[in-house]
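# Predicted model and sequence follow; I will ask about them next.
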Amino acid sequence: MIQGVTVPTRSKSPARSIFLYFGSSTILLLLVAPDGSWLDVATAYILQMQLHATPQQISWFRVLTGLPIYVGFLFGLVRDVWNPFGLRDRGYLRIFSVLTALILVALAVLDVSYALLFIGVLLVSISTRFLLAAQQGLMGLVAQEHLMSGRMAALYSACYFIPLILGALFAGAAADALTPRGQFLILAMLALSIGIFGFLRPRSIFEQTYDQPEAQGSDIRGDLRRLFSDRASFAAVAMIFLWQFAPGLQTVMQFHLTEHLGADESAFGYWTAMYYVSFLPGVIGYGYVCQRIAYGRLGTNAILFSAPLNLVLPFLTTPTQMMLFAIPLGLSAGAAFAALYDIAIRACPPGLHGALMMAVAGSNQMGWRVGDAFGTWLYTFGNAHGFLFASIGTAATSAAAPAFLALAPRALLNSKDGEVIARPS
């Protein structure tokens, strides 16, 4: 890669319409997708209350229906090489919004069993991967072309957590107020509304977007070779896996609050809500600062700053202290999360935005779930010191993530948001 950050490209279009398009579509997609909270919590309630599934059955349900998420780069690669109806990403949004809605309607009208619910959610997971591949691939491409990888990463990070918070809150209330049929029909309507983005064509996003050098790939064999040999892409995937590998912040936190600190069973839900809400000021702040500080220094510090705060957790002795500390922990984590998506967008090879963005999304989820399983083992193995061990593990893996920035070319690290990264012709 050629070093330097001063080569001009086409003029930048208004950011407001770009942010509105990708912000609203991100929220809608994550309300519908199984890796969002609404469908996940809703199906968990159905499995527990209506189908009387055991905790192990619910756990395996989540693991197996999440398989398309882990191999999301395959759906991204399809997006990068297949052009349905000559409409590119708009074609995916039209086709798979309808398919997702039809699957959810089928779940609403058919008699739900464990097997039927499993097949339905798995199909929704597959269908929404294509929607996310199109939306995130286009988001990464537009962010590169308009020199806004940091601001787009901040926007995506904020919109990533808003539906997780709202979906979890609404799914719990909806379980009492609505039948499963009602929830599936509402989700089907939301899925169908995603198709509207396939008919919109704002000039700030679509004018000559696919004609720019950043959008040009090669054949499937060449694309695969470029994807797997690109060191910056590997760094982006590895970094988010390590940072999300947080053994002390999930099931372990839940049991520590109730078993060791004497909190009510609802405490973990409140702690999680405070933690996620606190992300928002962190990601918004990152969106401003990234235009003033080069990524290498800003990204490294943002990720490293969040790591040692996890070492404070074992020394908090009351549920109130734990709740209050969720705020600074979330603030620092928000900035770190935005920094991780910033490097992902910067690293996307030409013509492979869908593949890399979906690989990062899959690594995100895999790190979270594998870290949870490892943390549960540490908690059990460590007995009285289990939470301490899990917190140390969270701090260690988070602190190790920025080391992979050494694989990224200097041009990716030395530029601020809004500056051009000179790439090879």
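Done, it's in. Please read these numbers as outputs of a predicted model, since none were measured by experiment.
# for this structure, which helix is longest?
helix 114-145 (DSSP state H).
# just how off-centre is it within its chain?
12 Å (C-alpha atoms, centre = their mean, to the nearest Å).
# cool, and stretch 89-103?
For stretch 89-103, the distance to the chain centre is 20 Å (C-alpha atoms, centre = their mean).
# Now it: buried residues?
Across stretch 89-103, burial judged by 16 or more other C-beta atoms under 10 Å covers 89-101, 103. Bear in mind the C-beta positions are built from the backbone N, C-alpha and C, glycine included.
# Contacts for it, please.
Residues outside stretch 89-103 that contact it (C-beta atoms under 8 Å, 6 or more residues apart in numbering) are 32, 79, 83-85, 87, 120, 123-124, 127-128, 130-131, 133-135, 137-138, 188-189, 191-195, 197-199, 201.
# What remains of these if I keep only buried residues?
Buried members of the contacts of stretch 89-103, counted by 16+ other C-beta under 10 Å: 32, 79, 84, 87, 120, 123-124, 127-128, 130-131, 133-135, 137-138, 188, 191-195, 197-198.
# which residues touch the residue nearest to the spatial centre of the chain?
The centre of the chain sits closest to A361, judged by C-alpha atoms, centre = their mean, with a distance of 5.1 Å. Counting by C-beta under 8 Å, 6+ apart, A361 touches I69, G72, L132, Q136.
# Would you confirm that the last one contacts M358?
To tie it back to what came earlier, the one meant is Q136. Yes. The pair Q136 / M358 is scored as a contact, 6.5 Å apart, by C-beta atoms under 8 Å.
# all helices of the stretch 251-400 of the chain, in order?
All helices of the stretch 251-400 of the chain, identified by DSSP state H, counting those that start in this stretch, fall at 251-255, 267-277, 279-289, 295-306, 319-347, 353-382, 386-400.
# got TSV for those helices, with distance to A406 too?
Shown next, in TSV, are those (distance: least, C-beta to C-beta, whole Å):
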stretch	distance to A406
helix 251-255	31
helix 267-277	30
helix 279-289	22
helix 295-306	10
helix 319-347	12
helix 353-382	18
helix 386-400	12
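# Show me the one of these that comes nearest L413.
Taking C-beta to C-beta, helix 295-306 is the member of those nearest to L413, at 3.2 Å.
# what's the distance between the closest one and the middle of its chain?
With C-alpha atoms, centre = their mean, you get 19 Å for helix 295-306.
# Quick one: list the elements packing against it.
Packing contacts for helix 295-306, counted by 3 or more C-beta pairs under 8 Å, 6 or more residues apart in numbering; DSSP states H and E, involve helix 231-244, helix 279-289, helix 319-347, helix 386-400, helix 410-413.
# per-domain residue ranges of this structure.
Domain ranges of the chain: 20-196, 218-418, per automatic domain parsing.
# Figure out which of those is closest to Q212.
Between Q212 and these, the tightest spacing by C-beta to C-beta is seen for domain 20-196, at 5.2 Å.
# Show me the common contact partners of Q136 and M358, please.
Common neighbours of Q136 and M358 (C-beta under 8 Å, 6+ apart) are G76.
# I figured A339 was touching G296, is that so?
No. If you go by C-beta under 8 Å, A339 and G296 don't touch, sitting 10.6 Å apart.
# With neighbour numbers in mind, choose between those two.
Comparing A339 with G296 by other C-beta atoms under 10 Å, the one with more neighbours is A339, at 30 against 17.
# per-residue confidence at the residue of the chain most remote from its centre?
Relative to the centre of the chain, the most outlying C-alpha is that of A384, 33.2 Å out, by C-alpha atoms, centre = their mean. Here, the pLDDT recorded for A384 equals 82.
# any idea how far it lies from I69?
Counting by C-beta to C-beta, to the nearest Å, the gap from A384 to I69 is 35 Å.
# now swap in L20 and tell me
27 Å.
# Of the two, which one has the most company?
I69 (24 against 13).
# Touching, the more buried one and G362? I think so.
Yes. Taking contacts as C-beta under 8 Å, I69 lies within contact range of G362: 5.6 Å.
# Leaving out sequence neighbours, find the closest residue to I345.
Sequence neighbours aside, S149 is the residue nearest to I345 in space, at 4.0 Å (criterion: C-beta to C-beta, 6 or more residues apart in numbering).
# Wait, the one you found touches D342, no?
Yes. Assessed by C-beta under 8 Å, S149 is found in contact with D342 at 5.3 Å.
# more crowded one of these two?
Using other C-beta under 10 Å, the more surrounded residue of S149 and D342 is D342, with 30 against 26.
# Who are the contact partners of N364?
N364 sits in contact with I240, F241, Q244, where contact means C-beta under 8 Å, 6+ apart.
# so which of these is the most crowded?
I240 (28 neighbours).
# pLDDT at it, what is it?
With respect to pLDDT, I240 has a value of 96.
# ok, it to L30 distance?
From I240 across to L30, the span is 16 Å (C-beta to C-beta).
# repeat for R225
Counting by C-beta to C-beta, the gap from R225 to L30 is 32 Å.
# The two: who's more crowded?
L30 (23 against 12).
# Can you list the neighbours in contact with the helix or strand that one falls within?
Secondary structure assignment for L30, by DSSP states H and E: helix 15-32. Residues outside helix 15-32 that contact it (C-beta under 8 Å, 6+ apart): 36, 38-39, 100, 104, 124, 128, 131-132, 135, 139, 142, 146, 148, 151-152, 155-156, 158-160, 162-164, 166-167, 187, 190-191, 193-194, 197, 200, 202, 204-205.
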